[in-house]
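Novice: For reference, the sequence and a predicted model appear below.
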Amino acid sequence: MPLDKRLLDILCCPLSRQPVAPLTRAQLDAINRAIAAGGVQTIEGEPVAAPMQEGLLTRDGKLLYRVEDGIPVMLADQAVGTQQLHDFPA
């Protein structure tokens, strides 16, 4: 389910305060390939085991956040840094 535009307009990354945008299909596929390979960790170093159905990416493309059941999980310790993903589309 796509996020409401009004909600997207007010959401921002709790770490960088940058606006966020929904992941594209290519970005979502790339993160899920990396998760399936077992190579993704949160910025706190916890492994990410479950694939993402939806996600939000910061404007600079450095951090992404999971969206679960249409609810953005904007917790700083659960952010995923994209620098660990070698084939992540910009």
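Specialist: That came through, no problem. Numbering: from 1, shown residues only.

Novice: ok, Thr58 touching Gln18?
Specialist: Yes. The pair Thr58 and Gln18 qualifies as a contact (C-beta atoms under 8 Å) at a distance of 4.5 Å. Placement of C-beta: from N, CA and C, glycine included.

Novice: neighbour count winner among these two?
Specialist: A direct count of neighbours by other C-beta atoms under 10 Å for Thr58 and Gln18 places Thr58 higher, at 20 against 15.

Novice: show me the contacts for the residue sitting nearest the centre point of the chain.
Specialist: Of all residues in the chain, the one closest to the mean position by C-alpha atoms, centre = their mean is Leu64, 2.5 Å from it. If you count contacts by C-beta atoms under 8 Å, 6 or more residues apart in numbering, Leu64 has them with 23, 27, 31, 55-58, 79-80, 82.

Novice: For Ile10, give its distance to Met74.
Specialist: Distance, Ile10 to Met74, using C-beta to C-beta, to the nearest Å: 11 Å.

Novice: Compare those two and say which is more crowded by neighbours.
Specialist: Remark: of Ile10 and Met74, Met74 carries more neighbours, 17 against 7, as counted by other C-beta under 10 Å.
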